[in-house]
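# Output the structure for:
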Amino acid sequence: MIQYKEKIFDNGLQVIVNEDLMTELVTVNLLYKVGSKNEDENHTGFAHLFEHLMFSGSKNFPDFDNLINSIGGESNAFTNCDITNFYCTVPSIYLETILRIEADRMCNLIIDEEHLAVQKKVVCEEFKQRNLNQPYGDLHKLMRELSYTTHPYKWQTIGKDISHIEKANLSIVREFYANYYNPSNAVFAISGNVKAEEVFDLAASIFNFGNRGTKTINYKQEPLQTENRELTVERDVPANVIVITFPMCERINDDYYACDLLSDILSNGKSSRLYDALVRNKQIFTGIDAVISGDDDKGLFMIIGKYADDVDIKLGEDMIWQELRNLVDNPPTEREFQKVKNKNYANTTFNNIKIADKALNLAYYAHLDMLERINIEQEYYEKVTINGLIELATEMFFENKHNTLYYTIKK
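Prediction:
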């Protein structure tokens, strides 16, 4: 169980503290409620760009990396559709230093032509490396564009097109910074050898500034899908791949837990349904996964299979559908169902031990506005029944609302 104390300041900054006196370290996790879904469709990739810009220096701390290294710390960040997250672990005596750095990055980030040009180049090279210059690089891009028609989830975090970053100018980048990198749009979660009241006092004195933001983008939700969609592409790749996506609920929906367990039954481990039938026994695929996006808004349940040599792509597709039908016709046994619940419980327990994991989880659950659920979420998994799981699978898989991407070897 994660013990924590929480305080929200007048400027909207949310601070959560987990006191862990068994370590001499502290992790400071700063989550900004901005991801690729908050971007303008003509200016995408900006949240990811700022993940890089935040490390390029601020007014009072121009050399971020060397400073963190000099105090024996380590830091990193990630961006997804919904959030941008920065985390840093240092000896606890340097907590105030880290808070001052984060405050300076929040209100005094250096955004000038020189720094912007450097980070634009870095991001553009990353775009080329991930999307253009490696096998299957555009697979997830195509999958998103096929699965979404309206919601900004239809483009990747790194951006819809490389030209959006190449053409980004100071004015629009500074506007994005002013709108989203503010106390009221941030969650601090701190875990380690600290006292909560001392952290609250420090935060009150250091983050004693207001918000600069003026507007946000009101994006449209994805309409209910009522038809099947498909796309076939040819690429210079070593094996055919099929991706089938199904619309699923948002992260805070109770059906999320059933979707999570369903994906585990299908593909978590070598005894899972899809792996056992289609990889080990029939050798249709060399690998197959069922994964969920777990997004803030309604997301995707995805099945991704990489074909064995010389297997007809339609045969593999038919075999997947046969296994999905078999799941409904022959539901999991109590033993099979309890096994995936036990695995889930073990993973959750393990992910709440390290201070870095605890800080991230606290920030993330606070962002979802369900902080009170962080210690009792296993109860929601336990409430899922086999009958409920099969009802969800029937509705999700067999209501003619899926998308199929055939990613094939160039002939």
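# When you work out contacts or count neighbours from here on, use the C-alpha atoms and nothing else.
OK.
# What are the boundaries of the helices in the stretch 1-150 of the chain?
46-53, 64-70, 95-107, 113-127, 139-147 (DSSP state H, counting those that start in this stretch).
# Among the ones you listed, which comes closest to residue 2?
helix 95-107 (20.1 Å; CA to CA).
# Next, the angle from the closest one to helix 46-53.
130 degrees (axes from the mean of the first three to the mean of the last three CA atoms, to 10 degrees).
# what's helix 95-107 in contact with?
By CA atoms under 8 Å, 6 or more residues apart in numbering, the surrounding residues in contact with helix 95-107 are 26, 28, 54, 57-61, 88, 181-183, 202-203, 206-207.
# which one of those residues sits closest to residue 121?
Checking those against residue 121 by CA to CA gives residue 54 as the nearest, at 15.0 Å.
# Pretty sure the closest one sits against residue 108.
No: counting by CA atoms under 8 Å, residue 54 does not reach residue 108; the two are 10.2 Å apart.
# So the two - more neighbours on which side?
Taking neighbours as other CA atoms under 10 Å, residue 54 and residue 108 compare with residue 54 leading, 19 against 15.
# Which pLDDT does the model give that one?
As predicted, residue 54 sits at a pLDDT of 97.
# low-scoring stretches of the chain, by residue?
When residues are selected by pLDDT under 70, those of the chain lie in 214-215.
# how about the residue nearest to the spatial centre of it, what does it touch?
Using CA atoms, centre = their mean, the residue of the chain that lies closest to the mean C-alpha position is residue 80, 4.6 Å off. By CA under 8 Å, 6+ apart, the contact list for residue 80 reads 35, 36, 48, 157.
# Ok, residue 382 next?
Contact analysis of residue 382 by CA under 8 Å, 6+ apart lists residue 341.
# And stretch 377-391, what's buried?
378, 381, 384, 386, 389, 390 (16 or more other CA atoms under 10 Å).
# then it to CSV, C-alphas only?
In CSV, the C-alpha atoms belonging to stretch 377-391 read as follows (Å, rounded to 0.1, in the frame of the first residue of the first chain):
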residue,chain,number,x,y,z
GLU,A,377,-7.6,-1.0,-7.8
GLN,A,378,-7.1,-4.7,-7.4
GLU,A,379,-10.7,-4.8,-6.0
TYR,A,380,-11.9,-3.6,-9.4
TYR,A,381,-10.1,-6.5,-11.1
GLU,A,382,-11.6,-9.0,-8.7
LYS,A,383,-15.1,-7.7,-9.5
VAL,A,384,-14.7,-8.9,-13.1
THR,A,385,-16.5,-12.1,-13.7
ILE,A,386,-16.1,-14.7,-16.5
ASN,A,387,-19.7,-13.9,-17.7
GLY,A,388,-18.9,-10.2,-17.7
LEU,A,389,-15.7,-10.8,-19.6
ILE,A,390,-17.5,-12.9,-22.3
GLU,A,391,-20.3,-10.3,-22.6
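# For the protein, just list every one of the strands.
5-8, 14-19, 25-32, 74-79, 84-91, 186-192, 229-235, 241-247, 285-292, 300-307, 403-409 (DSSP state E).
# Point out the other helices and strands that the second one packs with.
The helices and strands touching strand 14-19, judged by 3 or more CA pairs under 8 Å, 6 or more residues apart in numbering; DSSP states H and E, are strand 5-8, strand 186-192, helix 196-206, helix 355-367.
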